[in-house]
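S.K.: Let's see this in three dimensions:
(chains A and B)
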Number of protein chains: 2
Amino acid sequence: MSKSQPIADLASLSAFDHATEAKARQHLDQLTKPQGSLGRLEDIAAWMCGWQRTLKPRAEKAYTLVFAGNHGVTKQGVSAYPSEVTAQMVANFAGGGAAINQLCNAIPSALRVIPLALDQPTQDFTQGPAMTAEECAEAFQIGMDAVPQDADILVLGEMGIGNTTAAAAVAHAVAAGEARDWVGSGTGVNSDALQRKCEVVAQVVALHRPAMGDPLSVLQHVGGRELAAIAGAVWRAREHSIPVILDGYVVTAAAASLMLASKDALAHCLAGHVSAEPGHRRLLDWLDMKPLLSLNMRLGEGSGAQLALSLVRAALATFNHMATFASASVATKSAP
Amino acid sequence: MSKSQPIADLASLSAFDHATEAKARQHLDQLTKPQGSLGRLEDIAAWMCGWQRTLKPRAEKAYTLVFAGNHGVTKQGVSAYPSEVTAQMVANFAGGGAAINQLCNAIPSALRVIPLALDQPTQDFTQGPAMTAEECAEAFQIGMDAVPQDADILVLGEMGIGNTTAAAAVAHAVAAGEARDWVGSGTGVNSDALQRKCEVVAQVVALHRPAMGDPLSVLQHVGGRELAAIAGAVWRAREHSIPVILDGYVVTAAAASLMLASKDALAHCLAGHVSAEPGHRRLLDWLDMKPLLSLNMRLGEGSGAQLALSLVRAALATFNHMATFASASVATKSAP
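M.R.: Okay, here's the model as predicted:
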């Protein structure tokens, strides 16, 4: 990765294998069920085949990467929790006590938590860029390096007090609209703080707009270290054709920044869920992604995406192991 | 169970334990997450506590019961598949080749398939009642007897060529509306057959209306053996306070018949998913049930409900094993 144009090499993007997907669809139509009756499970299975370039798709080896960062913008009173909670929650992840720990036990996945300079919050981006270009590139690289090349599938999550403000700013920078379209209550701010959050997002995107034209410049100016790392992980996963399950608003906004590099940048990503944060649904619509789950969750940590991993595995279990009409001697559809 | 009034003993219905639910909510608010941020997972956990009357809710011991029956109404050309497929699919379940087999492996659950006199289809209910009162009571009893008393949770499914026509008729009998509101393409009939299905449903409900005033009379006249058995299983589960995950249209319609006995009859049931069959969403709305999943599935077999079992287990994993703010030394919300 060159520092000046770290993700400009679009040729390095791996492509979806349409021929294998088509064969997967043919296989699905031979299985003992009415055609298409497994709905999105069939879509997921064929999509996994296309990315993994095989008719034996796998999701056993899953890694759940949770990136954590701190945000100078918390000085603006945009969060319900103090910044110290980020490090406290990272310790909680290490101790096995957080929601994502339990979800990675219930739906087996190797959890890896990557704290990013928690003692050095980003700059308050109402005053200047959140990071230097070097800091942002470094965080992006950490995200790239965090992707295990043997992964069948990645689940991405985050933790960072103040980061729904950064997510809203990134979404507003990338997908336009009005600032208020992208701002929600995050972990639960009151209406005064919500109004303040709205003003901050409008202000910072207007302030930094001239400097934001590509993914890294957006992440540098109004993102945060964990957002840059998430974008790096999504990019590296694509280089290796590893399917990714996105979590909530922060992960999706970080990933969405990559759309400024290529409109095809997120083709290897599934939206695991749609969160209760209203900007998330709007952003998924903008990305033309349909979430697998809608459970009114708004925790982050990769929690919604982790649940979706169970659906992906279920989809592959049916694809890989169901009998065909012929093998099971089941009659096919009557003549119409 | 007396034959004349087999489910009239409403006093035998177990009640939800609101005090335990309230304690569960208090516990949830101590866990290391913003209050309510796990959304429906929190609702599920508290609900399981209320039914299981414990603050250590469990869903390990799950049974997936799939009831199968054959339908004389297939003579009317309402299904895309021939009736023989019901028995062939039961053999496929036994051989481990169907979708539900793979889903019960992926999301561990003990699968039990209960075929109900497949060589004796119900009568074509355009000509008379689908079953005698005795046949219906027998099927209901088989469903009751199929419920293992040691179950933490039940998943209910079905197989039966022609049974979406029966489901539509039951829904129309129970929840009123117009016949066309309740009819969809099932496993995939063409538009002529769909029209025929609509006419059949309107005709049979009008024909049998005077005789249908309680659950068993509805199931007897326009249901089927597997629908009666499902209703029996739901009823028995309630007697034992065992939570139930309902699957698609057929299971939901069978369960909905119990609303004629008590408006509270399905309080121990979750809607696992909403299927692609349009009558299912309408029926869930009528029941005031919000499905956990919406994945455009329309297979039956318990497939959608089985996926939802994974969400219930994930909910309980967080409830039972997350650290509290105090135990993990995580700061709580700032003063507003």
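S.K.: contacting residues for the residue of the stretch 51-200 of chain A found nearest chain B?
M.R.: Closest contact between the stretch 51-200 of chain A and chain B, by C-beta to the nearest C-beta, is at residue A:97 (2.7 Å). (Each C-beta comes from the backbone N, C-alpha and C, glycine too.) Neighbouring residues of residue A:97 by C-beta atoms under 8 Å, 6 or more residues apart in numbering or on different chains: B:32, B:322, B:323, B:327, B:328.
S.K.: List buried residues within these.
M.R.: Among these, those classed as buried by 16 or more other C-beta atoms under 10 Å in any protein chain shown are B:32, B:322, B:323, B:328.
S.K.: what's the burial count for the closest residue to residue A:312 other than its chain neighbours?
M.R.: Among residues not flanking residue A:312 along the chain, residue A:59 sits closest, at 5.0 Å (C-beta to C-beta, 6 or more residues apart in numbering or on different chains). Neighbour count for residue A:59, taken as other C-beta atoms under 10 Å in any protein chain shown: 23.
S.K.: Wait, residue A:59 touches residue A:154, no?
M.R.: No - using C-beta atoms under 8 Å, residue A:59 is not in contact with residue A:154; the gap is 10.3 Å.
S.K.: Next, please give the residue ranges for the helices of the stretch 1-150 of chain A.
M.R.: Along the stretch 1-150 of chain A, counting by DSSP state H, counting those that start in this stretch, helices occupy A:18-30, A:40-52, A:84-95, A:99-106, A:133-145.
S.K.: picking up where we left off before, where does the residue of the stretch 51-200 of chain A closest to chain B land on pLDDT?
M.R.: You'll see residue A:97 listed with a pLDDT of 98.
S.K.: Low-confidence ranges, the stretch 101-250 of chain A, go.
M.R.: Applying pLDDT under 70 to the stretch 101-250 of chain A flags no residue at all.
S.K.: near chain B, which residues of it?
M.R.: Selection of the stretch 101-250 of chain A residues close to chain B by C-beta under 8 Å from any C-beta of the partner chain yields A:101, A:102, A:103, A:105, A:106, A:107, A:187, A:188, A:190.
S.K.: again, only this time at 10 Å
M.R.: Applying C-beta under 10 Å from any C-beta of the partner chain, we find that the stretch 101-250 of chain A lies next to chain B at A:101-107, A:161, A:185-190, A:192-193.
S.K.: What are the boundaries of the strands in the stretch 101-250 of chain A?
M.R.: A:110-115, A:153-159, A:244-246 (DSSP state E, counting those that start in this stretch).
S.K.: Put together CSV for the ones you listed, with mean neighbour count on each row.
M.R.: Converted to CSV, these look like this (neighbours: other C-beta atoms under 10 Å in any protein chain shown):
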stretch, mean neighbour count
strand A:110-115, 19
strand A:153-159, 29
strand A:244-246, 29
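S.K.: possible to save these as JSON lines with distance to residue B:235?
M.R.: Output for the strands of the stretch 101-250 of chain A, formatted as JSON lines (distance: least, C-beta to C-beta, whole Å):
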{"stretch": "strand A:110-115", "distance to residue B:235": "42"}
{"stretch": "strand A:153-159", "distance to residue B:235": "40"}
{"stretch": "strand A:244-246", "distance to residue B:235": "39"}
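S.K.: Tell me the secondary structure at the residue in the stretch 151-300 of chain A positioned nearest to chain B.
M.R.: The stretch 151-300 of chain A approaches chain B most closely through residue A:296 (3.3 Å), counting by C-beta to the nearest C-beta. Recorded secondary structure, residue A:296: coil (DSSP: H, G, I helix; E, B strand; the rest coil).
S.K.: re the thing from before, from residue A:89, how far out is the residue of the stretch 51-200 of chain A closest to chain B?
M.R.: Counting by C-beta to C-beta, to the nearest Å, the gap from residue A:97 to residue A:89 is 9 Å.
S.K.: quick one: residue A:149 and residue B:113, what's the gap?
M.R.: Going from residue A:149 to residue B:113 by C-beta to C-beta gives 42 Å.
S.K.: Equivalent analysis for residue A:177, please.
M.R.: Residue A:177 is 52 Å from residue B:113, by C-beta to C-beta.
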